[in-house]
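Peer 1: Below: sequence and its predicted model.
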Amino acid sequence: MNRLFIALNLSIPVVETLVMFQHDFEERLEEEYGSGVRLRMVEAANIHLTLKFLGDTPPEMVEPISDRLTEICEPLFAFEVECRALGAFPDLERPRVLWAGLDEKSSEVLKLLQRNVEEELAEIGVAKESRPFHPHITLGRVKSRQRPSLVELAKDYDDVSFGKSFIKDMVLYESHLTPRGARYEVVERFVLGGSQ
C-alpha cells in the first residue's frame with residue numbers, strides 16, 4: 001500500500017516567512033507557558049497545502065489517480081493564493097493542530113478545486129472525505145498533555161499576511177513514516193494548463 005496525498009506547494013518566500021513565524025511563535029509560547037507546553041513544528045520541507053489525503057492506496061490505483069489528476073489540471077490556469085491569519089483544530093481554546101489560513105478569495109478557489117478533485121476521484125472508487133474541506137497549512141502539533149489556549153497569541157496575527165504563492169501545479173505525494181517524522185516523496189507533478 002502507498003500512503004498518498006494530493007497537495008499544492010507554496011512559494012519559497014512564503015515557506016520562509018512561515019518558518020520565521022514558527023520560531024517566533026515557539027518563543028512566545030515558552031514565555032507565556034514555560035516548558036510545560038510542547039509544540040512540534042512542521043519542517044520547512046514538509047510545509048504544503050493538502051487538497052486530499054488518500055491514505056493507504058493499492059499500487060494499482062496510482063495510475064488511474066494520476067490520469068484523473070492530469071485531466072483535472074489540463075483546463076486550469078495557474079492562480080495565486082494568499083496565506084493569512086492563524087487558526088487551530090479543533091479550536092484555539094484547546095488546540096491540537098496549529099495552522100495558517102488563507103484569505104477569503106483563495107479559500108473559495110481552493111474549495112472549488114478540492115470539490116472537483118473529490119468528484120473526479122470518486123468516479124474511480126476513491127472514497128470521498130466526510131468532513132468539510134477547510135483550506136489550511138499545518139504549522140505544528142501540540143505534543144504535550146497541556147493544551148494551552150492560543151486565543152490571545154493568535155490575535156496578534158489576525159490581519160497578518162504570510163505572503164502570496166503562485167500555484168502552477170498539483171502534486172501527488174507519498175508519505176513515508178519514519179522514527180524522525182514523515183518524509184514526503186513526489187510521485188508525480190501535474191502542471192496546471194497541461195504539460196508546459
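Peer 2: Cool, the structure landed.

Peer 1: What ranges in the chain fall below the confidence cut-off?
Peer 2: The chain contains residues with pLDDT under 70 at 195-196.

Peer 1: which residue lies farthest from the center of it?
Peer 2: Ranked by distance from the centre of the chain (C-alpha atoms, centre = their mean), the top residue is residue 34, with 28.3 Å.

Peer 1: can I assume it sits in a strand?
Peer 2: No - read with DSSP: H, G, I helix; E, B strand; the rest coil, residue 34 is helix and lies in no strand.

Peer 1: What's the separation between it and residue 149?
Peer 2: Residue 34 sits 15 Å away from residue 149, going by C-beta to C-beta, to the nearest Å. From N, CA and C alone the C-beta is placed, and that goes for glycine too.

Peer 1: cool, and residue 126?
Peer 2: In terms of C-beta to C-beta, residue 126 sits 37 Å off from residue 149.

Peer 1: Give me the more crowded residue out of the two.
Peer 2: Neighbour totals were compared for residue 126 and residue 149, and residue 126 leads with 20 against 15 (other C-beta atoms under 10 Å).

Peer 1: what separates the more buried one from residue 141, distance-wise?
Peer 2: Look at residue 126 and residue 141: by C-beta to C-beta, they are 26 Å apart.

Peer 1: Same question for residue 1.
Peer 2: According to C-beta to C-beta, residue 1 stands 24 Å off from residue 141.

Peer 1: So which residue is dead centre in this structure?
Peer 2: Closest-to-mean residue, the chain, C-alpha atoms, centre = their mean: residue 49 / 2.7 Å.

Peer 1: quick one, what contacts the closest residue to that one other than its chain neighbours?
Peer 2: Distances taken as C-beta to C-beta, 6 or more residues apart in numbering put residue 8 closest to residue 49, at 4.5 Å, once the chain neighbours are dropped. Residue 8 is in contact with 48, 49, 51, 81, 110, 165, 167, 169, 170, 171, counting by C-beta atoms under 8 Å, 6 or more residues apart in numbering.

Peer 1: hmm, back to that, go ahead and confirm the residue nearest to the centre of the chain touches residue 138.
Peer 2: No - here residue 49 does not reach residue 138: they are 9.0 Å apart, not a contact under C-beta atoms under 8 Å.
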